[in-house]
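J.: Need coordinates for the below:
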Amino acid sequence: MSNKDQAKITAQIIDGLENLKGDWKKSWVTAGSPINTDGRLYQGINILVLLFASARHGFSSNEWGTYQSWKRRGGQVQGGQKSPATIVAVVPTTITEENDDGEEETRSFNRMKTYSVFNIDQVDGVDKRHVTKLNDNDLVDVCETYIANTGAVIKTSTSAQPAFYPLRDKITMPTVKNFRNTPAYYSTLLHELTHWTGHKSRLNRNMSTDMRSDEYAFEELIAELGAAFLCAELGVVEDEMRQDHIEYIGSWLKLLRKDNKAIFEAARLANKAKQYLDEQQQEERKVA
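T.: Numbers count the residues shown, from 1 in each chain. The predicted structure follows:
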């Protein structure tokens, strides 16, 4: 993928952070994790790009596809509609070249290619998939099962602050009553659980404690993206963003403006954290 494409995608995300302010995360998870026309989940940076596009344009669905993929499904992009998002795809590529000895050698590798996509709200002739919002009781069951399966040590008390302590490998959380509502509690806990994946015994990320450093801001960005990805998957719809996370936005913007590649790496690591947590669910099912 060219530097121009990276800059374009980073600019889309910066625009979303600047203009959506505290509503950026609320809008993300209403419809669920982005899926393509075949129902497969998008991964990594594409999750982020599509969630921001949904929030920016007020789309009600999480389904996305290229012009041709909607056509194959029997739909037609509405006249005058412009693609609101550019995604990145890994394209397996094989080339045959002549080596220094004059012999042909075949080489296989992956290259990155960008595609313009449209939301199903911009398409005629295709039925939307039905999305059911969980009530609080169902949400508690889903989230508690998911979190318990990770094996994370979580200590809860009324006086605790939401935090992950790498040296003790422990998460602390206030009780649910300390939060506005149930989704706010689980959104915060999933943020800390994403930090938990970065421990040296797991994914071994840089867990800097210097709040003034780029490394600290980067890890907070990973945790917030990871939490958003998990909220979208589990059906946690938060009505308002925590004030301290709104305050982090300034440091994230500084980081993204400094390095076009930063958001790609943050999204990759957030997706890797989510996949690690998902794998714990599979391991738990095997044991059961």
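
J.: okay, CA-based contacts and neighbour counts for the rest of this
T.: Noted.

J.: Report how many residues lie close to Q78.
T.: By other C-alpha atoms under 10 Å, the residues close to Q78 number 14.

J.: Ramachandran coordinates for it?
T.: phi -60, psi 140 (degrees, to the nearest 10).

J.: need the contact list for it.
T.: Q78 sits next to 122-124 when contact means C-alpha atoms under 8 Å, 6 or more residues apart in numbering.

J.: Let me know the closest of those residues to E224.
T.: Checking the contacts of Q78 against E224 by C-alpha to C-alpha gives Q122 as the nearest, at 28.9 Å.

J.: Could you list the low-confidence segments of the chain?
T.: 1, 20-31, 130-133, 238-248, 283-288 (pLDDT under 70).

J.: All the helices of it, residue numbers only.
T.: 3-20, 24-28, 45-57, 67-72, 136-150, 182-197, 214-234, 243-258, 262-287 (DSSP state H).

J.: To D38, which of these lies closest?
T.: Nearest to D38, of the helices of the chain and by C-alpha to C-alpha, is helix 67-72 at 8.9 Å.

J.: how near is the residue most central in space within the chain to T96?
T.: Centroid check for the chain by C-alpha atoms, centre = their mean gives F229 as the closest residue, at 3.7 Å. Remark: distance between F229 and T96 (C-alpha to C-alpha, to the nearest Å) = 39 Å.

J.: thinking again about what came up before, now, among the contacts of Q78, which is nearest to E265?
T.: Q122 (30.1 Å).

J.: quick one: that closest one from A89, how far?
T.: For Q122 relative to A89 (C-alpha to C-alpha), the value is 22 Å.

J.: Could you do G226 as well?
T.: 20 Å.

J.: next one: G250
T.: Distance from G250 to A89, by C-alpha to C-alpha: 29 Å.

J.: before we move on, what about N206?
T.: With C-alpha to C-alpha as the criterion, N206 and A89 are 28 Å apart.

J.: Neighbour count for the two, which is higher?
T.: A89 (16 against 13).

J.: Next, the contact list for that one, please.
T.: 112-115.

J.: so M173 sits right up against A160, yeah?
T.: Yes. Counting by C-alpha atoms under 8 Å, M173 does reach A160; the two are 5.6 Å apart.

J.: Looking at these two, which is more packed in?
T.: M173 (21 against 14).

J.: Show me what that one bridges to in the sheet.
T.: Beta bridges link M173 to T156, judged by DSSP bridges.

J.: and K128, which of the helices of the chain is closest to it?
T.: helix 67-72 (12.2 Å).

J.: What is the closest one packed up against?
T.: strand 76-77, strand 104-119 (3 or more C-alpha pairs under 8 Å, 6 or more residues apart in numbering; DSSP states H and E).

J.: Can you redo these as CSV, where the extra columns are distance to Q43 and mean neighbour count?
T.: Formatted as CSV, the helices and strands packed on helix 67-72 follow (distance: least, C-alpha to C-alpha, whole Å; neighbours: other C-alpha atoms under 10 Å):
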stretch, distance to Q43, mean neighbour count
strand 76-77, 24, 20
strand 104-119, 14, 14
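
J.: E219: which of those strands is closest?
T.: Comparing these under C-alpha to C-alpha, the one sitting nearest is strand 104-119, at 25.2 Å.

J.: elements contacting the closest one?
T.: strand 64-65, helix 67-72, strand 85-98.

J.: can you list these in CSV and add distance to D138?
T.: Below are those laid out as CSV (distance: least, C-alpha to C-alpha, whole Å):
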stretch, distance to D138
strand 64-65, 27
helix 67-72, 33
strand 85-98, 33
